[in-house]
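# model this:
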Amino acid sequence: MLKSSNSESTIYNINLNNTLGLKNEIKSEPVVIKELKSKQNPKNIILKCFMFMIFTYFLSLILLLIKFLFFSSEVDDYKICICAIGKNENRYIKEFVNYYENIGYKHIFLYDNNDINDERFEDVIQTEIEKGFVSIINYRGYRGKKQNPQFSAYEDCYEKNNKNYTWISFFDIDEYLELVPSNMKAKNFFDQEKFKLCQVIKLNWLLYKTKDSLYYENASLHERMITPLIGIKENEHIKSTVRGNLTPNYWFNCNNPHTSINNLTTCSSSGKIINSSSPFNSPVEYQYAYLKHFHFRSFEELCLKIKRGRPVPNYEKIRLEKIIKLIKENKNNTEKMNIIKRIFNSTLLSFYYINLLKK
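Below you'll find the predicted structure:
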């Protein structure tokens, strides 16, 4: 009986312990549930979402910074450049370079056609050269195979760079692309749907002159050249912007560097298909884009440019006849005659030019 009592007592104690353990487990369940409820608290969820948003924001900033520092040159593969040839243009080259950089051109290939001992573009635009916006190509004292250095420069520029640029504009240093509206960037203009099939885009001139300035003035051309010469025949002239990667690797007409060969699809600024081989476009188009041609900077500079001339037969005579007819209505003819006598020291030549002024 004693043994039985002891065994029953043991069983009772075991059952009691089990019961107490079960009670303890039951008591502990609300704690677990409380922890689970704590984790599912809306405030905690919102906090975690907020922390995740902050993390992703700063991560995106870091990625953008890395992209800017190491891959920025590869971001925009739509590139537009200019090919220009210049001589005695140091007074104006910085304004030209800054203007085209501001409207979105990516590079300027500048052919230095100065005489061997004359001025150098590097003296004025060294900063733009060092930062990679301008490349100087040495054509000083040009003695190439082609009679006209402009032909040679254009051919060289297109052949070497057409694979790397979407469009190449062949402009002079006194020509400024005016887009409509005026805040438009070059890429937005040339990338329009109306030009998708065009290989060459021709833009009309609009010639400007000063208020009968006789001599150089130290001011921006856009401040000095305020008078457009509307309605003159010369505004029918065009200059070309040519699509890159054409085959064969040339584009200009061998008779005129302003225009293209016959078999290229050529458009005006409106997107209209026009004659590819003609250096003119008439009627003129100014509603979308045109070239402000700041040719008449001052009478003295004009005469110097005429004297410098180009290796084209009768170029000097033809140019001066046209220009003097345009400016005859202005004043100071006596001073103009004195400038002509000083610049054109040939007696016969100056006599011819003075007679043109008197007519």
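
# Low-confidence ranges, the stretch 1-150 of the chain, go.
1-43, 67-76, 144-147 (pLDDT under 70).

# and the residue nearest the centre of the chain, what are its phi and psi?
Residue closest to the mean C-alpha point of the chain, counted by C-alpha atoms, centre = their mean, is residue 105 at 1.0 Å. Residue 105 adopts backbone torsions of phi -70, psi 150, taken as degrees, to the nearest 10.

# do residue 239 as well
The phi and psi values for residue 239, taken as degrees, to the nearest 10, are phi -130, psi 160.

# Tell me the helix or strand right after the longest strand belonging to the chain.
Longest strand in the chain by number of residues (criterion: DSSP state E): strand 200-209. For strand 200-209, the succeeding helix or strand toward the C-terminus, using DSSP states H and E, is helix 221-224.

# What are the buried residues along that next one?
221, 224 (16 or more other C-beta atoms under 10 Å). To be clear about C-beta, it is placed using only N, CA and C from the backbone, and glycine gets the same treatment.

# before we move on, what about stretch 270-281?
274, 276, 278-281.

# Tell me how far residue 155 lies from residue 218.
36 Å (C-beta to C-beta, to the nearest Å).

# thinking again about what came up before, so the residue nearest to the centre of the chain sits against residue 83, correct?
No. Using C-beta atoms under 8 Å as the test, residue 105 is too far from residue 83 to be in contact (11.1 Å).

# Can you pull the residues that touch both of the two?
Jointly contacting residue 105 and residue 83 under the rule C-beta atoms under 8 Å, 6 or more residues apart in numbering are residue 169.

# coming back round to it: other SSEs contacting the longest strand of the chain?
Counting contacts by 3 or more C-beta pairs under 8 Å, 6 or more residues apart in numbering; DSSP states H and E, strand 200-209 packs against strand 175-179, strand 227-228, strand 238-243, strand 266-267, strand 289-296.

# which residues of the stretch 201-350 of the chain score low on pLDDT?
309-332, 346-350.

# Go again with 90.
The model of the stretch 201-350 of the chain has pLDDT under 90 over residues 209-214, 226-227, 247-263, 277, 295-350.

# For the helix or strand containing residue 60, which helices and strands make contact with it?
Using DSSP H and E, residue 60 falls within helix 42-71. Using 3+ C-beta pairs under 8 Å, 6+ apart, no helix or strand is in contact with helix 42-71.

# next structured bit after that helix?
strand 80-86.

# check contacts around residue 196.
With C-beta under 8 Å, 6+ apart, residue 196 has no contacts at all.

# Ok, the one 3 residues further on next?
Taking C-beta under 8 Å, 6+ apart as the definition of contact, the neighbours of residue 199 are 242-243, 246, 251, 260, 264-266.

# which among those gets closest to residue 78?
Here the nearest of the contacts of residue 199 to residue 78, counting by C-beta to C-beta, is residue 243; it sits at 11.9 Å.

# Burial check on the closest one, number of neighbours?
19 (other C-beta atoms under 10 Å).

# I'd assumed residue 163 was in contact with it.
No. Residue 243 is not in contact with residue 163 according to C-beta under 8 Å; the separation is 11.8 Å.

# May I ask you to confirm that residue 78 is in contact with residue 191?
Yes. With contacts counted by C-beta under 8 Å, residue 78 reaches residue 191, the gap being 6.5 Å.
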